[in-house]
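Engineer: Okay, sequence plus prediction incoming.
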Amino acid sequence: DVYNMGYKKYLDARATDEARRRRERANAEKKASALHKQAAKLGAKATKAAAAKQMLARADRMMNELDEVRVSDRVASIKFPEPAACGKTPMFAKGLTKMYGSLEVFAGVDLAIDKGSRVVVLGTNGAGKTTLLKLLAGVERTDGEGGIVSGHGLRIGYFAQEHDNIDPDKTVWENTIEACPDAGQQDLRGLLGAFMFSGHKLQQPAGTLSGGEKTRLSLASLVSSRANVLLLDEPTNNLDPQSREQVLDALKTYTGAVVLVTHDPGAVKALEPERVIIMPDGDEDLWSDEYMEIVELA
C-alpha cells in the first residue's frame, strides 16, 4: 500500500484499512465455511458431485482473493529501569572550559544536576552542546581548573550520537558484555532480544550495523545501567518511527535526571523539561515553550 500523507495520518489510515480487511476476512471465512458444509452434504450424492466441486472452488476463490493478513511490525521494547539511589544533587560542574587549539568553544560553565531533574541543552551548531555532554560523561576532560564533582551515588548513563561507546570491531554480544559486566548472560540475551538483536545478529560486528541498529545497541547498554543521570545526545536519530515512539515513551516514565541534546521537538515534549542550558555561555533559564523554536533551528 502507498500512503501519500504525514506519518500520524498514515497510522490512522492504515489502522482503518486493516480494520476493513479484518471484517472482509471474517465475512469471507464465514461464507466459505458455509459453502464447505453445503458441499460436504452434496458430495455424499453422486448426482450432486459436480455442484459440490463448484462450491469448493468458489470457497477457495473467495479466500484467495483476500489481502494477506498484515504481520505486526517488530519494534524495540524500551523501558528504563528504576534508577540507582543517589543524593539530592548527584552531579556538579564548575568552570567547565573547552579549547581546541586556539579555538575556545566555551569557558567557565557552571551547573548542577539535581536528582530527577530534566534539562535541555540548547544552542546553535558549534556552540558546544555535544562537547558539554562529553565533559559531563568523562569522555573528554575540561581545560583549565574546572571539573566535575560527583555527588552521592552518581551513576551516569551516556548516549553518544556518534555511537562512540560502541567498539566497531567487536560483536553485538561482546559490546553488550563489556558495557554490562555484572549482568547475567540470560538477562542480557533477554535485553538484546527486546531491542531486536537475537540469533546470528549477536555475532555481527558492530561496525557493520546500520545507523538505527547502532542506536538500538547503544540504548540497550543504557537501559541495563540503572543510571540515575542520563546524558542523551540525539537519542532518536536513525530510529524507525515505531522505535522512536518507544524511546519517547520510555523517556516520559524515566524517574532519574536527564540532560538532553536534541533537534527533535518530540523528544523535548516527551521529556517535559524544567530548565534549559544555553550554550556557549552556559546560561540557565526555566523552560518555556518559546524555546521550542530554537530546538528545531539549532
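Structural biologist: All right, it came through fine. Numbers count the residues shown, from 1 in each chain.

Engineer: rest of the way, CA atoms for contacts and neighbours
Structural biologist: OK.

Engineer: Now R244: closest residue in space that isn't a chain neighbour?
Structural biologist: Ranked by CA to CA, 6 or more residues apart in numbering and with sequence neighbours excluded, the top spatial neighbour of R244 is T236, at 5.7 Å.

Engineer: er, A250 I mean
Structural biologist: K79 (5.0 Å).

Engineer: Tell me which residues touch that neighbour, please.
Structural biologist: 223, 247, 250 (CA atoms under 8 Å, 6 or more residues apart in numbering).

Engineer: pLDDT value on the residue nearest to R244, please?
Structural biologist: pLDDT for T236: 88.

Engineer: What separation is there between it and L96?
Structural biologist: 27 Å (CA to CA, to the nearest Å).

Engineer: just to revisit the earlier point, ok so the residue nearest to R244 is a helix residue?
Structural biologist: No. Using DSSP: H, G, I helix; E, B strand; the rest coil, the secondary structure at T236 is coil, not a helix.

Engineer: which residues sit in contact with it?
Structural biologist: 215, 244, 247, 264, 267.

Engineer: 10 Å instead?
Structural biologist: By CA atoms under 10 Å, 6 or more residues apart in numbering, the contact set of T236 is 161, 212, 215-216, 243-248, 262-264, 266-267.

Engineer: ok, of the residues you listed, which one's closest to N64?
Structural biologist: S243 (33.4 Å; CA to CA).

Engineer: the strands in the chain, which residues?
Structural biologist: 91-100, 103-113, 118-122, 147-150, 156-159, 229-233, 257-261, 275-278, 283-286 (DSSP state E).

Engineer: Dump those to CSV, plus mean pLDDT and mean neighbour count.
Structural biologist: Formatted as CSV, those follow (pLDDT from 0 to 100; neighbours: other CA atoms under 10 Å):
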stretch, mean pLDDT, mean neighbour count
strand 91-100, 93, 18
strand 103-113, 93, 17
strand 118-122, 96, 25
strand 147-150, 92, 17
strand 156-159, 91, 23
strand 229-233, 94, 25
strand 257-261, 95, 25
strand 275-278, 95, 20
strand 283-286, 94, 13
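
Engineer: Same list (those) but as a markdown table, adding distance to K30.
Structural biologist: Converted to a markdown table, the strands of the chain look like this (distance: least, CA to CA, whole Å):
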| stretch | distance to K30 |
| --- | --- |
| strand 91-100 | 64 |
| strand 103-113 | 62 |
| strand 118-122 | 55 |
| strand 147-150 | 67 |
| strand 156-159 | 52 |
| strand 229-233 | 52 |
| strand 257-261 | 54 |
| strand 275-278 | 59 |
| strand 283-286 | 61 |
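
Engineer: for stretch 200-212, the distance to its chain's centre please.
Structural biologist: Offset of stretch 200-212 from its chain centre (CA atoms, centre = their mean, to the nearest Å): 17 Å.

Engineer: How about stretch 85-104?
Structural biologist: The mean C-alpha position of stretch 85-104 is separated from the chain mean by 27 Å, CA atoms, centre = their mean.

Engineer: returning to what we had before: I'd like to know which of the strands of the chain lies nearest to D187.
Structural biologist: Among the strands of the chain, strand 156-159 sits nearest to D187 (CA to CA), with 18.7 Å.

Engineer: In its sheet, which strands sit next to the closest one, and in what direction?
Structural biologist: strand 229-233 (parallel) (DSSP bridges).

Engineer: In PDB, list the C-alpha atoms belonging to the strand it pairs with.
Structural biologist: Written as PDB, here are the backbone C-alpha positions of strand 229-233 (Å, rounded to 0.1, in the frame of the first residue of the first chain):
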ATOM      1  CA  VAL A 229      21.700  10.700  35.400                       C
ATOM      2  CA  LEU A 230      21.200  10.100  31.700                       C
ATOM      3  CA  LEU A 231      23.200  12.200  29.200                       C
ATOM      4  CA  LEU A 232      21.500  11.900  25.900                       C
ATOM      5  CA  ASP A 233      22.900  13.300  22.700                       C
END
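
Engineer: got the angle between it and strand 91-100?
Structural biologist: Strand 229-233 runs at 30 degrees relative to strand 91-100, counting by axes from the mean of the first three to the mean of the last three CA atoms, to 10 degrees.

Engineer: Now do strand 229-233 against strand 103-113, angle only.
Structural biologist: Using the same axes, to 10 degrees: strand 229-233 against strand 103-113 is 150 degrees.

Engineer: Excluding chain neighbours, what is closest to the residue most central in space within the chain?
Structural biologist: The centroid of the chain falls nearest to V247 when counting by CA atoms, centre = their mean (3.4 Å). Leaving aside its chain neighbours, V247 sits nearest to I78 (6.2 Å; criterion: CA to CA, 6+ apart).
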